[in-house]
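Peer 1: sequence plus the predicted model coming up.
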Amino acid sequence: MEDKQVPRFDIYKAWPDGYRAVGALQAAVDNSGLEHSLLELVKTRCSQVNGCAYCLDMHTKDARAMGETEQRLYALSAWRETPFFTARERAALALAESITLVSETHVPDDVMTEAGAWFEPHELARLIFAIVTINIWNRLAVTGRTPVGDYVSRKAVHA
């Protein structure tokens, strides 16, 4: 039986240029002008769908450090069933799930149309890049079995 807690190898040290490239993409997303609270919800939801424990640990801690409520984080996996999320957040979460499950959904027109109703074209492009980027991190962390639990958020409440 596999031990899910034992890292397979440090994928980031094995190819530092790849790590830096994804890090640069992440920096662009973080500085894109989209609300940081929205980005953390999207990162957390994608990480839930992908089963990425490391990213869930990171992004829930970051979200809390930036003022996100526990109630919304606890309900995120069932966001459609709650009144806790704005229409803009709901559109972003639907798009995040659809892109994350692209082999099943092929990102339907109605999901894109709804997102387009809440995001200007430049914002929508940035949101799509944010979703794609967290999916990259999820796949790297899950594949390499990045150790979970020691992440400490450095995000400020005013971020």
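Peer 2: Sure thing, it's come through. Predicted, not measured: the structure shown is a model, and the values here were computed from it. Numbering: from 1, shown residues only.
Peer 1: let's verify Pro7: helix, strand, or coil?
Peer 2: coil (DSSP: H, G, I helix; E, B strand; the rest coil).
Peer 1: residues touching it, list them.
Peer 2: Applying Cβ atoms under 8 Å, 6 or more residues apart in numbering, we find Pro7 in contact with 144-147. Placement of C-beta: from N, CA and C, glycine included.
Peer 1: ok, which pair from those residues is furthest apart?
Peer 2: Longest distance between any two of the contacts of Pro7 is 9.6 Å, between Gly144 and Pro147; criterion Cβ to Cβ.
Peer 1: leaving out the residues flanking it, which one is nearest to Met112?
Peer 2: Nearest residue to Met112, sequence neighbours excluded (Cβ to Cβ, 6 or more residues apart in numbering): Leu95, at 7.3 Å.
Peer 1: isn't the one you found up against Arg126?
Peer 2: No: look at Leu95 against Arg126 with Cβ atoms under 8 Å: they stay out of range, at 11.9 Å.
Peer 1: for these two, indicate the residue with more neighbours.
Peer 2: Between Leu95 and Arg126, counted using other Cβ atoms under 10 Å, Leu95 has the larger neighbour count: 24 against 19.
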